[in-house]
Every structure is written in C-alpha cells, then in structure tokens.
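Participant: Show me the folded form of this:
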Amino acid sequence: MYAGETAEQMRTPPEPTGTWVDDVLEPDQLSTAKPRFGRRMLSRRTVIVLWTLRIYVLLMLLLIALQMWNALHAGG
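Facilitator: Here you go, the predicted model:
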C-alpha cells in the first residue's frame, strides 16, 4: 500500500500487462514493425565449426559432470 493510496484505488484491478507498451514505444521499436529475414544459408565451413563447438560443449559438460561425480564419491 502506497502512501496516499485510497481503498478504492486498491480495489481496482491493475491494468493488463502490455496494453500501454504500444503507446510508450516508438513504431520502429515494436517487434511487429521489424522485417522478417528468414533463415540464412551458412557456408559448409561455418556449419562444421558450429557442430564442432556443439560437440565440444557437450564433451565439456560430460567432463564436468564426471569430475563432480568423482569429487562427491572420493571421500566414501
């Protein structure tokens, strides 16, 4: 409850979220006004680099999980 807020103001439901956004933002800031570009075709080299990074991240997650497992069970 804010200072100076009346009981009537507290009983009224708040304004639904998102109704004022269109009034506050400029037209070019709205996501509906942004152009859609679609998917970009990547070169074969870029696709290979991205897949290599994905595999690297998965291996590092596995390595971290293994190290945590060993650390938790080393005392027993």
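Participant: Relative to Thr52, how far out is the most centrally placed residue in the chain?
Facilitator: When Cα atoms, centre = their mean is applied to the chain, the residue found nearest the centroid is Ser31 (15.8 Å). Distance, Ser31 to Thr52, by Cβ to Cβ, to the nearest Å: 33 Å. Where you see a C-beta, it was placed from the backbone N, CA and C, and this is true even at glycine.
Participant: do Thr46 as well
Facilitator: For Thr46, the distance to Thr52 - Cβ to Cβ - is 11 Å.
Participant: again, but for Val24
Facilitator: For Val24, the distance to Thr52 - Cβ to Cβ - is 44 Å.
Participant: Which of the two has more residues huddled nearby?
Facilitator: Thr52 (10 against 7; other Cβ atoms under 10 Å).
Participant: Now name the helix or strand holding that one.
Facilitator: Per DSSP states H and E, Thr52 falls inside helix 44-73.
Participant: related to what we said a few turns ago, show me what contacts the residue nearest to the centre of the chain?
Facilitator: If you count contacts by Cβ atoms under 8 Å, 6 or more residues apart in numbering, Ser31 has none.
Participant: Over to Leu42. Which of the three states is it?
Facilitator: coil (DSSP: H, G, I helix; E, B strand; the rest coil).
Participant: Quick check: phi and psi at it.
Facilitator: The phi/psi pair for Leu42 (degrees, to the nearest 10) reads phi -100, psi 150.
Participant: and it, how many neighbours?
Facilitator: So Leu42, with other Cβ under 10 Å, has 11 neighbours.
Participant: same thing with Trp69?
Facilitator: 10.
Participant: any idea how far it lies from Arg39?
Facilitator: The separation that Trp69 has from Arg39, given Cβ to Cβ, amounts to 39 Å.
Participant: Tell me the predicted confidence for Arg54.
Facilitator: We have a pLDDT of 98 for Arg54.
Participant: One more: Ala3?
Facilitator: 59.
Participant: repeat for Gly76
Facilitator: Confidence score, pLDDT, at Gly76: 54.
Participant: repeat for Trp20
Facilitator: pLDDT, Trp20: 75.
Participant: now swap in the one 5 residues further on and tell me
Facilitator: In this prediction, Leu25 carries a pLDDT score of 76.
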